[in-house]
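In: no letters, just coordinates:
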Ligand SMILES: NCc1[nH]cc(CCC(=O)O)c1CC(=O)O
């Protein structure tokens with residue numbers, strides 16, 4: 001009997017990418033008995049020193065992995081779902097969306113402070129300086145500070161987890177905001193000083209979820225990878241990403257979205273979808289939500305989640321969402 005060659009899983013070299021790729025590799029081996037080998041790929045998003053919003057945001061981490069898939073250099077790739085452009089190329093298939101981890105953003109502030117404690121010290125002359133390269137985070141953090149009557153300044157930064165946390169440790173910034181999911185995956189969740197409630201800051205569509213992608217023509221592989229798929233996560237991120245697409249926004253737009261499917265045993269029953277879009281300074285936000293009854297059949301769920309996302313986008317557009325998104329961080 002012929003032993004199958006190991007599957008080649010393309011991954012970025014960052015600690016975060018290696019952690020999530022390694023985890024998916026182990027899961028594939030556990031489910032299919034097949035060995036998986038990691039192949040390191042450098043993406044433009046890893047080498048560029050420019051601000052993410054400036055280089056276009058959408059897809060910079062993704063395109064080198066996709067090129068390697070299409071060239072046949074690798075069999076599959078693992079992406080952070082929030083980094084994936086919403087329009088899926090026909091030659092590539094998202095074969096699985098594994099169970100999502102905590103979708104919230106996390107604050108890492110000096111002296112163990114929460115957002116409210118930290119920002120209370122801000123003045124007009126010396127606002128509290130919070131680092132994030134994300135227009136979505138800037139917009140909602142600024143809006144949050146406004147409701148508290150506190151003075152903050154959002155400072156555009158980028159770099160890997162280590163670099164970002166380093167700005168706080170060095171005293172250059174008072175705090176940084178990162179995805180809890182990424183911090184969990186690289187084992188640094190213990191440095192978080194506040195897990196930010198989604199009522200204050202809605203995460204990026206798809207945050208905390210992964211996408212396992214392969215070429216569409218490799219149907220047998222796609223079928224095997226489907227064993228990693230989590231229907232709860234799939235229905236949630238479908239609604240969130242449809243909202244993002246229907247707003248015609250990319251991953252660097254100030255759009256937050258979160259769907260929370262309620263489970264009744266094995267079945268998803270109700271799902272609430274919340275969305276927000278705002279100006280970078282947080283002076284104007286369009287924030288809406290909708291709730292619906294999730295159909296029982298897996299086949300109907302995708303179409304249903306797509307409809308929910310579109311409906312919420314239409315409602316947000318009717319409230320002026322498009323006008324707020326034209327603005328850019330730079
Ligand atoms: N934009 C970069 C990026 N892509 C995915 C994550 C975190 C992990 C995830 O959301 O799945 C991060 C870092 C961050 O936003 O702090």
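Out: Noted; the coordinates are in hand. Just so it is clear, the model here is predicted, and its values are computed rather than measured. Residues are numbered from 1 along each chain as shown.
In: which residue ranges of the stretch 1-150 of the chain form strands?
Out: With DSSP state E, counting those that start in this stretch applied, the stretch 1-150 of the chain shows strands at 7-11, 36-40, 76-80, 92-96, 105-109, 128-131, listed in chain order.
In: ok, and for the lengthiest helix in the chain, which residues are buried?
Out: Across the chain, the longest stretch assigned as helix under DSSP state H is helix 298-318. Neighbour counts over helix 298-318 (16 or more other Cβ atoms under 10 Å) mark 301-302, 304-306, 308-309, 311-313, 316-317 as buried. From N, CA and C alone the C-beta is placed, and that goes for glycine too.
In: same thing with stretch 32-40?
Out: 32, 34, 36, 38.
In: ok, now which ones touch the second one?
Out: Residues touching residue 34, when contacts are defined by Cβ atoms under 8 Å, 6 or more residues apart in numbering, comprise 4, 6-7, 28, 224.
In: now the buried members of these.
Out: Looks like the contacts of residue 34 have 7, 28, 224 buried, using 16+ other Cβ under 10 Å.
In: could I get the phi/psi values of whatever residue of the stretch 101-250 of the chain ends up closest to the ligand?
Out: Here the residue of the stretch 101-250 of the chain nearest the ligand is residue 182; by Cβ to the nearest ligand atom that distance is 3.2 Å. Phi and psi for residue 182, reported as degrees, to the nearest 10, are phi -60, psi -40.
In: before we move on, the earlier item: ok, and which of the buried residues of stretch 32-40 reach the ligand?
Out: Counting by Cβ under 6 Å from any ligand atom, nothing from those sits close to the ligand.
In: TSV for these, including pLDDT?
Out: Output for those, formatted as TSV (pLDDT from 0 to 100):
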residue	pLDDT
32	90
34	93
36	98
38	97
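In: if we can go back for a sec, show me what secondary structure element comes after the longest helix of the chain.
Out: Counting by DSSP states H and E, the element after helix 298-318 in chain order, helix or strand, is helix 321-325.
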